[in-house]
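**Q** Model the structure of this input:
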Amino acid sequence: MPVINSIAAMAPELKEWRQHLHQRPELAFDCHETSAFVVEKLRSFGVDEIHEGIAKTGVVALIRGPASGPVIGLRADMDALPILEETGKEYASLTPGKMHACGHDGHTTMLLGAAKYLAETRNFAGTVVLIFQPAEEHGGGAGVMVQEGIMDRFAIGQVFALHCAPGVPVGDFYTAPGPIMAAVDTFTIHVQGRGGHGAMPQETRDPVVAACGIVTAIQTIVSRNHFTLDDLVVSVTQIHTGSADNIIPETAWINGTVRTFDTRVQAMVKGRMEEIVAGQAMAYGVTARLDYEMFYPPTVNDPEKAAFAAGVAAEVGGHVDANAPREMGAEDFSYMLAERPGAYLFIGNGDTATWHHPAFDFDDAAAPVGASFFARLVERAQPLVTKGTENGS
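**A** Below you'll find the predicted structure:
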């Protein structure tokens with residue numbers, strides 16, 4: 001695998017950084033220790049500027065090349081998940097109930113590796129903006145960083161990110177032109193009935209039966225209200241109600257997720273869900289309220305940037321699928337791609353447990369490949385032009 005030699009030599013160092021981060025997971029915007037570690041490393045590399053406290057614990061650093069030119073952004077997420085780790089590794093989480101179960105420790109490490117190389121070599125024109133982001137898993141940290149003005153403040157012209165991919169060989173990459181990950185919405189339905197004795201249902205307005213009717217009816221949105229070739233997922237994931245076998249409760253609570261790529265489909269789902277909740281409530285003699293929240297928009301790659309990034313990935317990695325199927329998962333990097341052209345790519349993590357699983361672990365062999373990708377991406381996107389080249393020789 002043609003990883004950049006000096007980055008390949010960093011492999012033990014990258015492994016040390018990654019396992020240090022893995023032991024110290026932090027959630028959402030509370031990535032204080034992680035961002036402090038990132039800042040310490042960036043300072044030791046000699047980057048030109050470090051800006052802290054963006055989106056509470058986000059960090060942005062600048063590395064300038066020896067010649068003027070455009071500005072490219074590279075993003076890594078830093079936050080972990082509220083999961084009890086079951087890897088059994090010697091570097092497992094030191095905080096019970098929190099772990100890096102999605103590889104963000106590896107993403108941060110790969111960008112740090114690229115930062116070290118780029119700060120040393122500076123074989124590019126213009127500026128590299130390194131974006132270390134909190135709260136990808138919950139809170140939309142990328143959106144907050146965009147709202148706080150990083151794209152304009154640092155004059156970012158294009159932006160890229162990597163995510164590890166379990167089940168894909170280490171060093172392989174995949175991406176897609178256009179949409180690559182879905183928008184994610186969340187719905188919660190509050191059902192209010194009239195409770196009573198389980199032996200006297202005629203004196204109650206049973207929210208349990210109403211909730212079951214609502215859940216069943218919601219399934220018809222996919223089967224009967226949308227065009228089959230439009231990707232759509234509507235999943236009810238929680239129902240909470242009741243306290244005993246002989247009590248009909250007062251309330252029921254339903255929760256779930258919607259995944260779409262098209263705003264028209266998204267609007268259709270929301271509209272149909274409002275109609276279903278109102279209609280079912282009337283049919284069962286209860287009241288019901290739908291809270292529908294639109295969260296991350298779809299992650300949409302710029303086709304030209306995705307093709308360019310796939311070409312760079314082929315230089316440093318193994319097999320590259322530049323036209324992979326889009327996925328129904330969601331990613332808040334979508335907010336950055338909505339502001340600037342760029343691309344989101346996946347890098348192989350080998351035969352590991354899947355994302356968000358208590359046995360998941362980032363494969364340290366992937367870190368030099370990912371760091372090489374980021375570094376080479378900068379050098380190819382913003383080449384340093386010599387005087388000989390300017391004169392046509």
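
**Q** give me every residue that touches the spatially closest residue to His104 that is not a sequence neighbour.
**A** Once flanking residues are discounted, His104 sits nearest to Asp77: 4.8 Å by Cβ to Cβ, 6 or more residues apart in numbering. Placement of C-beta: from N, CA and C, glycine included. Residues in contact with Asp77 (Cβ atoms under 8 Å, 6 or more residues apart in numbering) are 104, 107-108, 133-134, 136-137, 141-142, 161, 333.

**Q** again, only this time at 6 Å
**A** Shown in contact with Asp77 (Cβ atoms under 6 Å, 6 or more residues apart in numbering): 104, 107, 133, 136.

**Q** which of those lies closest to Gly53?
**A** Distance to Gly53, by Cβ to Cβ, is smallest for Gln133 among these, at 12.9 Å.

**Q** Helix, strand, or coil at the residue most central in space within the chain?
**A** Residue closest to the average C-alpha location in the chain (Cα atoms, centre = their mean): Glu331, at 3.3 Å. At Glu331 the chain is in coil, as set by DSSP: H, G, I helix; E, B strand; the rest coil.

**Q** What pLDDT does the model give it?
**A** pLDDT recorded at Glu331 is 96.

**Q** do Phe295 as well
**A** The model's pLDDT for Phe295 equals 90.

**Q** Just the ones in helices from the contacts of Asp77, please.
**A** 104, 107 (DSSP state H).

**Q** Setting aside sequence neighbours, what's the nearest residue to Met151?
**A** Spatial nearest neighbour of Met151, excluding adjacent residues (Cβ to Cβ, 6+ apart): Glu339 at 4.8 Å.

**Q** Hmm, the one you found is touching Arg153, no?
**A** No - using Cβ atoms under 6 Å as the test, Glu339 is too far from Arg153 to be in contact (11.9 Å).

**Q** neighbour count winner among the two?
**A** More neighbours surround Glu339 than the other of Glu339 and Arg153, with 17 against 12 (other Cβ atoms under 10 Å).

**Q** Look up how far Gly141 lies from that one.
**A** Per Cβ to Cβ, to the nearest Å, Glu339 is found 14 Å from Gly141.

**Q** could you give the mean pLDDT of the helix or strand hosting Leu111?
**A** Secondary structure from DSSP states H and E places Leu111 in helix 104-121. For helix 104-121, mean pLDDT is 98.

**Q** rewinding a little: what are the phi and psi angles of the residue nearest to the centre of the chain?
**A** phi -160, psi 130 (degrees, to the nearest 10).

**Q** In contact with it, which residues?
**A** 181, 299.

**Q** The same query, at a cut-off of 8 Å, please.
**A** 136, 163, 181, 296, 299, 344.

**Q** And for Leu42?
**A** 50, 59, 61, 112, 115, 130.

**Q** so Thr257 bridges to which residues?
**A** Thr186, Ser235 (DSSP bridges).

**Q** Does it touch Thr188 like I think?
**A** No - contact between Thr257 and Thr188 fails when scored by Cβ atoms under 8 Å: they sit 10.7 Å apart.
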